[in-house]
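Participant: just to be clear, the model below is a prediction. Sequence and coordinates:
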Amino acid sequence: MKKNQIFITYGEDPRLMIEQLLAAVKLEEMIKPGGSIGLKPNLVVGKPADSGATTHPEIVEGIITYLLAKGFKKIVIMEGSWIGDDTKRAFAICGYQRLAEKYNVELIDLKGDQTIKVESGGLSLEICSQVKKVDFLINLPVLKAHCQTELTCALKNLKGCIPDREKRRFHSMGLHKPIAALSAAITPHLTIVDALCGDLTFEEGGNPVPMGRLIAGSDPVLLDAYAADLIGLKATDIPYISIAHHLGVGEIDLAGAEFIETNPDDRKGSGFRLSHRSRTLSLKVDERQSCSACYGSLIHALHRLEEEGSLNGIPAKSIKIGQGYKGEGGKGPGIGNCTKGYTPYLKGCPPTARQIKEFLRSVELL
């Protein structure tokens, strides 16, 4: 596979689609004989793939059976769910425990992995050691929205390869620069994007949008640039894509890309767009360095309050959330343990969307 190539397969059956895509990519020619292979899906939360939040297990199963048929036996699946969620629970709910048992593939919960320090992009980063131990890494992100960075796809999916304490630190640094630096420290050999039905409103799922395609390439920056374009954004709208490009991780200009459609006659639909609901709902929030799990739960709660017709009662910039509020105090409401100095505040790391919704309904804002 050439660095500038982007392979696309269309359809609705992920198992058939991945077989067709892998045959076009010629995956077996990319891996040295006897090499160990790591599969890194997006299992940010314990929700089925049809919610639009997580990688379809059928895609991973197709990769496993393809590799086994080609004589590759050393295969592991690795992931670390977001802060506040349990990776083992996600493995079970999302269908990966079944895969592991069926094919005798090891599941690695990166939350419990040893870590190593690396210097990348001018930053000192802590990453999970298992990611560096495999000979060939396949990144399997979902193309979907993100409440803080607009898009999450190839580059941001690597955030599951760092411990929770580092995830928190990434948010304290503003996400974009550390995500780009991480992509320079961990560069997958192949990325296969699950663009079957990603949620274009919330990264935690619930609003899946049928897009009907799988996308593959070896340049994660170019893939993210294409993903952004597919949902109505420019690559330059997402700072970490541009920063990763400047760090030499990959190319950002789609004009130099070679697009290879394996079955162009099966293409259906186009013009997918982000809902931008998070951007609108965030007008109610005074956010400082909040983690995605906590902030995502808040945005989801505000979305539910809006559906109930209760959102207008919340003043702009009135809700406090994030690590930047640690050690401070004053008038709340505050969301999460970081805002415990504010009155009132809701404890939790993170609290759930339901807890936040009920909390906001109980205080005098509404």
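Facilitator: All right, it came through fine.

Participant: give the helix, strand or coil label for the residue lying closest to E261 once chain neighbours are set aside.
Facilitator: What sits nearest to E261 in space, not counting adjacent residues and going by C-beta to C-beta, 6 or more residues apart in numbering, is I8, at 5.0 Å. In short, each C-beta sits where N, CA and C put it, glycine included. Under DSSP: H, G, I helix; E, B strand; the rest coil, I8 falls in the strand class.

Participant: any idea what I8 is bridged to?
Facilitator: I215, E261 (DSSP bridges).

Participant: kindly state the pLDDT recorded for L365?
Facilitator: At L365, the model reports a pLDDT of 60.

Participant: so where is the chain shaky, pLDDT-wise?
Facilitator: Along the chain, the model assigns pLDDT under 70 to residues 364-366.

Participant: okay, now the domains of it?
Facilitator: 5-266, 277-362 (automatic domain parsing).

Participant: what helix or strand does I18 sit in?
Facilitator: Using DSSP states H and E, I18 sits in helix 14-25.

Participant: got the contact list for that helix?
Facilitator: 1, 7, 9-11, 56, 58-59, 61-63, 66, 190, 192, 194, 196, 214, 216, 260, 262-263 (C-beta atoms under 8 Å, 6 or more residues apart in numbering).

Participant: cool, stretch 246-261 as well?
Facilitator: The contact list for stretch 246-261 (C-beta under 8 Å, 6+ apart) reads 2-10, 24, 120-121, 155, 180-181, 183-184, 187, 219-222, 225-226, 229, 235-236, 241-242, 244-245, 267.

Participant: export the helix holding I18 to CSV, keeping only CA atoms.
Facilitator: Coordinates of each C-alpha in helix 14-25 appear next as CSV, following Å, rounded to 0.1, in the frame of the first residue of the first chain:
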residue,chain,number,x,y,z
PRO,A,14,-19.4,-5.3,7.8
ARG,A,15,-18.2,-8.9,7.6
LEU,A,16,-18.5,-9.0,3.8
MET,A,17,-17.1,-5.4,3.5
ILE,A,18,-14.0,-6.1,5.5
GLU,A,19,-13.2,-9.2,3.5
GLN,A,20,-13.4,-7.2,0.3
LEU,A,21,-11.4,-4.4,1.7
LEU,A,22,-8.6,-6.6,3.1
ALA,A,23,-8.3,-8.4,-0.2
ALA,A,24,-7.8,-5.0,-2.0
VAL,A,25,-5.3,-3.8,0.6
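
Participant: using PDB, write down the CA coordinates of the helix or strand following it.
Facilitator: Tracing the chain past helix 14-25, the next element assigned as helix or strand by DSSP H and E is strand 37-41. Coordinates of each C-alpha in strand 37-41 appear next as PDB, following Å, rounded to 0.1, in the frame of the first residue of the first chain:
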ATOM      1  CA  ILE A  37      -0.400  -8.100  15.300                       C
ATOM      2  CA  GLY A  38      -2.300  -5.700  17.600                       C
ATOM      3  CA  LEU A  39      -5.900  -4.600  16.900                       C
ATOM      4  CA  LYS A  40      -7.000  -1.400  18.500                       C
ATOM      5  CA  PRO A  41     -10.700  -0.700  18.200                       C
END
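
Participant: quick one: buried residues of strand 37-41?
Facilitator: For strand 37-41, a neighbour-count test (16 or more other C-beta atoms under 10 Å) marks 37-41 as buried.

Participant: what distance do you get for the residue nearest to G62 when sequence neighbours are not counted to L247?
Facilitator: Excluding the flanking residues, the one nearest G62 by C-beta to C-beta, 6+ apart is I18, at 3.5 Å. Distance of I18 to L247, given as C-beta to C-beta, to the nearest Å: 30 Å.

Participant: the more surrounded of these two?
Facilitator: Set I18 next to L247 and count neighbours by other C-beta atoms under 10 Å: I18 wins out with 25 against 18.

Participant: quick one on the thing from earlier: distance from the helix holding I18 to the middle of the chain?
Facilitator: Counting by C-alpha atoms, centre = their mean, to the nearest Å, helix 14-25 is centred 22 Å from the centre of its parent chain.
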